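# sequence below, structure please.
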Amino acid sequence: MKLQEYRSKEILARHGVPMLAGETATTPAEARGAAERIGGPVVVKAQVLVGGRGKAGGVKLAASPEEAEARAGEIIGLDIKGVTVKTVLVAPAADIAKEFYLGLILDRAARAVTLIASPEGGVEIEETARTNPQAILRLPLHALIGLQPHNVRRASFFLGIPAELRRDFGAVLDGLHRAFVEADADLAEINPLVITDDGRLLALDAKIVLDDSALPRHPDLEDMRDLNEEEPSETAAREAGINFIKLDGSIGCMVNGAGLAMTTMDLVKLAGGEPANFLDIGGGAKADRVLAAFRIILDDPNVKAILVNIFGGITRGDEVARGIVEARAGLEREVPMVVRIVGTNAAEAAEILRQANLITATSLDDAAARAVAAASRASGATA
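The predicted structure follows:
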């Protein structure tokens with residue numbers, strides 16, 4: 001779960017990371033009021049969960065409350081990479097002498113929490129990695145001990161932090177690490193971390209991505225979810241207990257098991273099609289959950305066919321087949337559907353599906369090919 005900048009700053013502030021206080025606003029008038037309370041020059045920043053907002057005109061300086069109101073009017077309603085800005089953060093402007101990048105990620109390749117630091121702050125770290133990889137320090141931390149003083153020293157020397165600010169830098173990195181661990185985050189970054197003209201270290205921007213699987217332990221963080229920027233289909237899937245990620249293809253996939261879902265998507269591509277989603281319906285695919293999954297898939301107008309791939313282990317294939325037939329009857333929109341059910345009671349499932357006039361397949365290769373062909377025919381019919 002991605003958090004908006006102002007929410008990420010709230011978490012880091014709890015752990016002692018120094019930053020300039022700001023206020024959120026949803027109207028130009030509110031932005032003006034925030035600037036009046038702050039006093040002095042401010043920066044008005046779009047609150048969106050996509051990168052590149054500065055290049056898109058989503059970050060603007062304002063010298064007065066009147067100008068803050070005008071800049072907020074320009075930003076609110078702005079489309080940034082398909083996301084409409086609804087909220088801005090109004091924060092004091094800072095005189096910047098030097099910018100850095102500082103972050104922690106859950107690095108699965110290294111099997112460790114990894115510290116990432118770069119003296120090239122203020123830009124996307126991916127761009128720095130591509131154009132100037134030697135400007136990035138990647139430092140895996142000990143899995144049990146975590147952040148240690150020698151890690152802090154190495155990062156501070158790499159960044160060229162002045163001697164008089166190294167203690168403050170250590171406090172910033174310690175606060176970032178504690179926030180990362182205590183929030184069960186996948187990512188926590190400060191970009192940029194700056195040295196101001198008057199010699200202070202400040203976090204001017206922050207980003208935290210939380211591990212969805214850990215959210216039951218953090219109801220306070222769950223409440224920070226911004227539903228305005230979440231795909232409605234993904235919201236519905238989460239509420240139904242279904243693992244779902246929307247993609248750009250035309251073949252909706254309903255599968256039980258994450259590994260089988262990935263394999264299904266691969267074979268759809270191998271057959272010349274494009275999956276419209278990742279969807280793991282989980283175990284016990286009863287009619288109500290199957291219906292919810294179908295509705296989530298069909299909420300995407302790009303879906304021209306559905307491929308159902310179920311392996312019956314504990315879940316009985318005939319129960320799944322009955323759930324599919326029952327759920328199909330409750331759909332408002334109908335598209336071609338290819339069903340493959342193997343495992344427990346697969347023969348009984350095949351008979352139920354045959355009587356319902358559903359397209360069936362015994363192998364996954366065949367199922368993927370049939371789904372791609374059905375989607376192609378449907379696309380031709382609607383072209």
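
# got phi/psi on residue 230?
phi -90, psi 140 (degrees, to the nearest 10).

# typo on my end, residue 358
For residue 358, the backbone dihedrals (degrees, to the nearest 10) come out as phi -90, psi 150.

# got the contact list for it?
Residue 358 makes contact with 324, 325, 328, 337, 338, 339 under the criterion C-beta atoms under 8 Å, 6 or more residues apart in numbering. Just so you know, the C-beta spots here come from the backbone N, C-alpha and C atoms, and that holds for glycine as well.

# recalculate using a threshold of 6 Å.
Contact partners of residue 358, counting by C-beta atoms under 6 Å, 6 or more residues apart in numbering, are 337, 339.

# per-residue pLDDT, it?
pLDDT for residue 358: 90.

# one more: the one 3 residues further on?
The confidence metric pLDDT takes the value 90 at residue 361.

# you'd agree it is up against residue 367?
Yes. With contacts counted by C-beta atoms under 6 Å, residue 361 reaches residue 367, the gap being 3.7 Å.

# what's around residue 174, how many residues?
Residues lying near residue 174 (other C-beta atoms under 10 Å) number 17.

# next: residue 197.
By other C-beta under 10 Å, 11 other residues sit near residue 197.

# now do it against residue 220, distance only.
Distance, residue 197 to residue 220, using C-beta to C-beta, to the nearest Å: 36 Å.

# quick one: residue 22 and residue 89 touch, right?
Yes. Counting by C-beta under 6 Å, residue 22 touches residue 89, with 5.1 Å between them.

# tell me the mean pLDDT over the longest helix that the chain contains?
Assignment by DSSP state H gives helix 364-382 as the longest helix of the chain. Throughout helix 364-382, pLDDT has a mean value of 87.

# one more: stretch 307-317?
pLDDT averaged over stretch 307-317 gives 84.

# please apply the same query to stretch 193-209.
Average pLDDT, stretch 193-209: 95.

# now it: buried residues?
By 16 or more other C-beta atoms under 10 Å, the buried positions in stretch 193-209 come out as 193, 194, 195, 201, 202, 203, 204, 205, 206, 207, 208, 209.

# I'd like to know which of those is nearest to residue 64.
Residue 64 has its nearest neighbour among the buried residues of stretch 193-209 in residue 204, at 20.6 Å by C-beta to C-beta.

# ok, now which ones touch that closest one?
Residues in contact with residue 204, defined by C-beta under 6 Å, 6+ apart, are 192, 194.

# give me the phi and psi for it.
The phi/psi pair for residue 204 (degrees, to the nearest 10) reads phi -90, psi -20.

# and it, how far is that from residue 45?
From residue 204 across to residue 45, the span is 10 Å (C-beta to C-beta).

# now the lowest-mean-pLDDT helix or strand in the chain: buried residues?
The helix or strand of the chain with the lowest confidence, counting by mean pLDDT, DSSP states H and E, is helix 232-240 at a mean of 80. Judged by neighbour count (16+ other C-beta under 10 Å), helix 232-240 contains these buried residues: 233, 234, 236, 237, 238, 240.

# what's the average pLDDT for stretch 152-159?
Stretch 152-159 comes out at a mean pLDDT of 97.

# tell me what the longest helix of the chain is packed against?
On a contact count with 3 or more C-beta pairs under 6 Å, 6 or more residues apart in numbering; DSSP states H and E, helix 364-382 meets helix 258-270, strand 305-312, strand 337-343.

# same thing but at 7 Å, please
Contact here means 3 or more C-beta pairs under 7 Å, 6 or more residues apart in numbering; DSSP states H and E; on that basis helix 364-382 packs against strand 251-255, helix 258-270, strand 305-312, strand 337-343.

# among the ones you listed, which is the most enclosed?
Across those, the average number of neighbours (mean count of other C-beta atoms under 10 Å) peaks for strand 251-255, which reaches a mean of 28.

# so how far is that strand from its chain's centroid?
21 Å (C-alpha atoms, centre = their mean, to the nearest Å).

# what does the average pLDDT come to for it?
Strand 251-255 comes out at a mean pLDDT of 95.

# what angle sits between it and helix 258-270?
Angle between the axes of strand 251-255 and helix 258-270 is 160 degrees (criterion: axes from the mean of the first three to the mean of the last three C-alpha atoms, to 10 degrees).
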